[in-house]
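> Sequence and predicted structure, then a few things I'm wondering about:
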Amino acid sequence: MLGGVNYQNPVFNRALQARRQPGSAFKPFVNLGALGDGISPWDQRDDEAVDINGYQPQNFGGRFYGTMTLADAMAHSVNTITVNLAQEVGMPNVVAAAKRVGITSPLVAHASLALGPSNEPPLQLPSSYAAFANGGHRVAASVVTQCDHPGTHDYPGPD
């Protein structure tokens, strides 16, 4: 969690103070908003061109993948389906879903939010993702500052 050029006296903690765009790592929050709206990961959507008031996101490589389940769209990081899904669910619901699991950074409910242009401290994403593994309940990040069990930090390495 430390960063900067002086490791003896770090002033800037990159995990807590830096800001990074989550990009596609924000997509699960769109899908969480959809789940809350009664949409199943097994529901299908068409991968098609998007134009929301001039905002025209593309898929990687500029191609379309046809009809697919939302689970497959997320697994393959399909931008167009994610942006259309966010519009279908409503951007305020996407923001609410992200906030519910622990994103505390300001989020503006515009169409591009589905693809993660906001700036968040790096520690916010893993903390928020932990809610997916914790039955949907928010998890507070904790920091281990000391190990009181000698030998537990020694890893044998690969065989």
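Perfect, thanks for sending it. Numbers count the residues shown, from 1 in each chain.

> residues near N84, how many?
23 (other CB atoms under 10 Å). For every residue, glycine as well, the C-beta is placed using N, CA and C.

> With A96 instead?
17.

> My read is that it contacts D37, right?
No - counting by CB atoms under 8 Å, A96 stays clear of D37, with 10.7 Å between them.

> Could I get the full set of helices for this structure?
With DSSP state H as the criterion, the chain has helices at 14-17, 27-36, 70-75, 79-89, 91-100, 124-133.

> what about those helices, which gets the closest to D148?
Across the helices of the chain, D148 has its closest neighbour in helix 14-17 (22.7 Å, CB to CB).

> what comes up buried for the closest one?
R14 (16 or more other CB atoms under 10 Å).

> As CSV, could you dump the C-alpha coordinates of stretch 21-32?
Extracted as CSV, the C-alpha positions of stretch 21-32 are listed here (Å, rounded to 0.1, in the frame of the first residue of the first chain):
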residue,chain,number,x,y,z
GLN,A,21,-10.3,4.9,-13.8
PRO,A,22,-11.8,1.5,-13.3
GLY,A,23,-12.6,1.0,-17.0
SER,A,24,-14.3,-2.3,-17.6
ALA,A,25,-13.9,-3.2,-13.9
PHE,A,26,-17.0,-1.1,-13.4
LYS,A,27,-19.2,-3.3,-15.5
PRO,A,28,-20.2,-5.7,-12.7
PHE,A,29,-21.9,-2.7,-11.0
VAL,A,30,-24.1,-2.3,-14.2
ASN,A,31,-25.0,-6.0,-14.0
LEU,A,32,-25.7,-5.6,-10.3
